[in-house]
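Undergrad: how does the following fold in three dimensions:
(chains A, B, C and D)
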Amino acid sequence: MEWLRRLMMPAQGSEFAKEIDNMYMGLFWLSVVLFLMIAIPTVYFAWRYRYRPGRVTPHNTHNTTLEITWTVLPLLLCVAIFFWGLKGWMEYAVAPGEAMEVQITAKKWLWQFEYPDGSRTINDLHVPINKPVKFIMTSEDVIHDFFVPDMRVKHDIIPGRYTEVWFNPTVHGQHVITCAEYCGKGHSDMHAVLTVDNDAEFAKFLETGGTEWEDYFNGKDPKKTPADWGKVQYETKGCNSCHTIDGSKSKGPTWKGIYGHMVELNNGTSVLVDDDYLRESMLYPNAKVVKGFEPIMPTFQGLLKENQIKGLQAFIKSLQ
Amino acid sequence: MDQAIKTTPRIGDRPRPRKNYLNETRGFKSWAFTLDHKRIGIMYLIGVLFSFLLGGIFALLVRLTLLSPTHKIFGQVLLTAEQYNRVFTLHGAIMVFLFIIPAIPASLGNFVLPLMLGAKDVAFPRLNLFSFYLWLTGALMALTAMVFGAVDTGWTFYTPYSTTTDGPVTLMTAAVFVLGFSSIFTGLNFIATVHKLRAPGMGWFDLPLFIWGIYSTAVIQVLATPVLGITLVLLMLERSFGIGIFDPRIGGDPVLFQHFFWFYSHPAVYIMILPGMAIISELIPTFSQKTIFGYRAIAYSSVSLALVSFIVWGHHMFVAGQSQLATVVFSALTFLVAIPSGVKVFNWLGTMYQGNIKLDTPMLYAMSFLVLFAIGGLTGIFLGTLATDVHLTDTYFVVAHFHYVMMGSTVTAFIGGLHYWWPKMTGRMYSEKWGRVGCLLWNVGFNMTFLTQFFLGSKGMPRRYYNYLDQFQPLHAFSTVGSWIIGLGLFITAAYLLASLRKPADAPDNPWNGTTLEWQTSSPPITHNFEEQPVLEREPYDYRPVVAAR
Amino acid sequence: MSTTSVDLHAHGHEAEHAHDPHHQHHFTTMEQQFDTSKIGMWLFLVTEVLLFGGLFVGFGMMQARYPREFVEAHTHLVRWQGALNTVVLLISSYTMVLAVNAAKKGIKSKQVLFLALTIVCACIFLVVKYFEYSHKFEEGWLPAKYYSYKGDSLPACMEKSAGPEAAAAAPTTPPAPCTNGYATFFSFYFMMTGLHGIHILVGIIILTWVLIRANRGEFSSSYYTPVDLVGLYWHLVDMIWIYLFPLYYLIQ
Amino acid sequence: MSTQTQTATTHGANAHAKHEHGGTALYTKILIALLILTAITVFAAGFDFGQGNVVIALVIATIKASLVGLFFMHLVWDKPVNAVIAMAGFLFLGIFIMFCLLDFNTRNNFIPQNMTPTLVPLAPGTAPAGNVIRTNPAAGQAEGGEKK
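TA: Numbering: from 1, shown residues only, chains lettered A, B, ... in the order given. Just a heads-up that it's a prediction; the model follows:
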């Protein structure tokens, strides 16, 4: 009966999906049996006891045994089905502790995914294969619903609150993510692609910090230059808590007008501010500290991806 | 028929009285200010059928739009996404609030209930007329909202979408508020009528089962609808003043809105289905010419369905962000609904067993009900079960499920009941042959349209989608074709029913050999229903020959 | 199941009581008519209970959500005004029940007196309410987005988020002044007391109508349904206030 | 056989008027009881019982409402059906409250009840279309802090 399952259900992307399918098919066959128990007598009685003028019908008002039977048996059946459903639900509801956490922010009408290392993607979710992933979701406007048919999971995303859902993908490749709670004009176009990567692919994906940066480097959008990408890093990676971009002094040197100029270091030497120096300062900040400043900057090794460093370099270069 | 008359004691095919409720008085005023429950019932009937037509047109538009993923008909885009959202909202809101909820209780119920009780009228005739005008006001407000661009919230008005979207949402919710009060007053009227205006000799367990169904419905109408009223008021205030209860932006909780909404709207589902079941409980014994099997079981199951319907509303919110515990509790309680529904179905089958079954049009609809309701009910199990619901909720599976229950069951019963009481209401018999054709088309079209949608849903097609993935196209097209067959069937039904009105009155007082009191008066009934106060001498559905009874 | 004799008996009554001008044709007896009206009224009251009930539920849920804001907002209500109104309404209920009693006995003078007293109490209630409302308006304790009182002690949203996880984040978040809980409290205050006030107003109107009819001497021991039903309505309005009073004025 | 028809036949139309219920003396006593209960509830509110205050206030209110219902609204003497209707109203209101509370009180176990105004800086329009880069650093950090 595998063909029938295939006919009715989408591809199975996880062990959980298999369980749901088993349950679905179980209920399906049960329903078929119960349906025939109702439909066959309906048709059969209509034919077998069809109208004959003058036939006197028996005056059967009730049969207590029969009625108790068909009250109690369905009740027992229902109790069994409830617990069956509860079992699957518990699995759905409780994420394993070691699950990787991905933040989802839904908005009319797109999905933003944010990974533990801060990488972000839009409408493009990558997860490693055979590792549980937990999604912590919130919405910026109205209620949306994160629905991955292949994983058989779905949960509403509610503004002003966090909701959670998880799955453990076992099938390599692409799956559909759709919004299942009506959210207006673009509701039916609110799709995203879930790509289940193997470990190497996922590591590569994380290394480049998602795919969003590509938009800033491919030159398609004049509003998205590498310098803009750097500005985003400046604001989100915490650079702005110590470095200003307007020339004023803070805990660290300002970035305004330093690129291409010599600066004096606290060991008395001078250095030209170029891409190499900037990269070194981000990854090994205490190697060359500018005169008049404490060596307090933490290393950003591992926190900044190559494209982000490039972006920051371009951003600083643009601050003339 | 001759033989049948001999076997039952109370067919009064007396000469047709010259004056009946239709021709007693004439003129617009005699209808507009009538206090006669039969005339009010007829006015309701015209109103709800008009709403059904309107809602049906929107349904056909929705299906037509979904025929292809490009939405192009003869090279033209039929509806844009915004228009589509408005059209499915209108379809839902009109069908639910203007059609299904008042359909059976307010139209057929209004007409038949006092007749069945052997009463001259409902308890509060003026209130009855008032609720009709409330319905009319609500309907006009909804139409006005439609003219002013209509709303795109879905009939559920979920916040915060409904508090932030454009369009005359406030007017639309006000319309639903007014319609709610119409429903409340109808229910209130019926409860009082059933309590106090039963014919002499009619105890609670001598009530026809139709009355039990309508009574249970009325209980829900009175207890649940006020909460809808206050929910809509809160929604309007939230939208206009930002009171901070439903919109998270100003500190509210959107899930609380869903609690409020479903506290009414789940019981409202039973406002829709219970009267349908009530009609079936009349049709099956009448056309089986056999006493109902398990009278008390059916009566109790109606009442228990009404009561249980109040404690299961959370099953609409399994994945909507309510607490895990609440979800589990609501799922467990939801299964309770299955029991009385099953009991009813088995009892109906028990009634047909060894009957003398005449396959007239109303009985065909009753049998369709059994089959369609079985599908609707059984697919409900998939949705009540926690784990499978996660996958199926908010998809076309749900759409198909509730159409099987609301349309396949309630509307089927409504049409069956309309055919059943048509001779009583109008004094005319309709074409039996065309009746059967209509019923056949209804069944074929309905199953084509909605059985398909179960597959769409389980495959992962979310509901309320304008665009869809290409893989769903064949099923959508099939479903759309089915909707045209439904439309054709209903068109034929409307045509032969209207055609029957052109004939002179030809219906006998008791064309189906029914045993309930409404068949004891003339067709159509006289203004005060009965020449003399009928007295219940035997329990209802007693088909034993008179000799045996005495 | 029954016998026909009962029915004939009932028919006899119909003929007997057909004279009463208030007797509607579809009722067999006046008592049946009275009982039916009463059931209808009680059903209506149930819908009123559930209508208000929705607001009570909303209030309860929002109180659970903003416990501190709600408690603080409660202190802005003047307890003695609430208490005075409670007493006034209880007394009006008392005069109402005496009016019904008088109508039942057919004593016209007492009916008029007690109905008038009830109306007076209702008016006193509204006057007190007027002073209460105008004070709230002056201070800016207004519902929803019109809330403009500046003296609240806590920035509501910040306080709410101060869970263990959010604690670390809190210092970096600018403390956004947020009146959510307070405004919601006053939204509910105005909605619930306002809806109740509307019911009082409607009560005054129908009490006046009944008073006029009583003054005409329309009510007697055989027909006093309107007085009785208006009485039921009035007691329900009182009953709702019995719950509103502690919920709003006493929890501080 | 319906009971009301029997009642009608035995009592006649004015039957209800002949039942002597209540009376001024009883109503006065009820009024005094209500006023005393009001005083008690105001008095009790002066003490701090924590959550107990609400319970005490509601219990007293329910006693008062019952007195009004039973005596002023004649439920004690009335046909039982009216009392059943009245109880049904409160019963279903109770169901409504109970299940809402069931949800609200157990929700926090699973979802952090977190109402920081992350929405405010992220309001639509502040972010470029088609992109949700957060321009407000504070919001970004706050979000990061809450996340884990």
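Undergrad: for whichever strand or helix holds D:A86, buried residues please.
TA: Using DSSP states H and E, D:A86 sits in helix D:80-107. Residues of helix D:80-107 classed as buried by neighbour count (16 or more other CB atoms under 10 Å in any protein chain shown): D:81-83, D:85-86, D:88-90, D:92-93, D:95-96, D:99-100, D:102-104, D:106-107. (C-beta placed from N, C-alpha, C; glycine too.)
Undergrad: try stretch C:75-94
TA: Of the residues in stretch C:75-94, C:76-77, C:79, C:82-83, C:85-94 count as buried by neighbour count, 16+ other CB under 10 Å.
Undergrad: centre of the chain to that stretch, how far?
TA: 13 Å (CA atoms, centre = their mean, to the nearest Å).
Undergrad: burial measure for B:G251, as a count.
TA: By other CB atoms under 10 Å in any protein chain shown, 27 other residues sit near B:G251.
Undergrad: please tell me how far it sits from B:L60.
TA: 42 Å (CB to CB, to the nearest Å).
Undergrad: next: B:F402.
TA: According to CB to CB, B:F402 stands 18 Å off from B:L60.
Undergrad: three-state assignment of A:I136?
TA: Assigned with DSSP: H, G, I helix; E, B strand; the rest coil, A:I136 falls in the strand class.
Undergrad: surely it touches A:A106?
TA: No. Judged on CB atoms under 8 Å, A:I136 makes no contact with A:A106 at a distance of 11.8 Å.
Undergrad: these two: which is more packed in?
TA: A:A106 (28 against 21).
Undergrad: can you give me phi and psi for that one?
TA: phi -100, psi 150 (degrees, to the nearest 10).
Undergrad: is the longest helix along chain B up against chain A anywhere?
TA: Counting residues, the longest helix found in chain B (DSSP state H) is helix B:254-288. Yes. Using CB under 8 Å from any CB of the partner chain, we find that helix B:254-288 touches chain A at B:254-255, B:288.
Undergrad: list the helices and strands that helix packs on?
TA: helix B:101-102, helix B:209-241, helix B:295-308, helix B:324-352, helix B:361-384, helix B:412-426, helix C:30-65, helix D:80-107 (3 or more CB pairs under 8 Å, 6 or more residues apart in numbering or on different chains; DSSP states H and E).
Undergrad: deepest-packed of the ones you listed, please.
TA: helix B:101-102 (a mean of 28; mean count of other CB atoms under 10 Å in any protein chain shown).
Undergrad: mind listing what the residue of the stretch 201-320 of chain A found nearest chain C touches?
TA: Going by CB to the nearest CB, chain C is nearest to A:S241 of the stretch 201-320 of chain A, at 9.3 Å. A:S241 sits next to A:K251 when contact means CB atoms under 8 Å, 6 or more residues apart in numbering or on different chains.
Undergrad: also A:Y277?
TA: A:271, A:288.
Undergrad: please, which helix or strand holds it?
TA: Short version, using DSSP H and E: A:Y277 is in helix A:275-283.
Undergrad: gap between B:T452 and B:A400?
TA: Applying CB to CB to B:T452 and B:A400 gives a distance of 8 Å.
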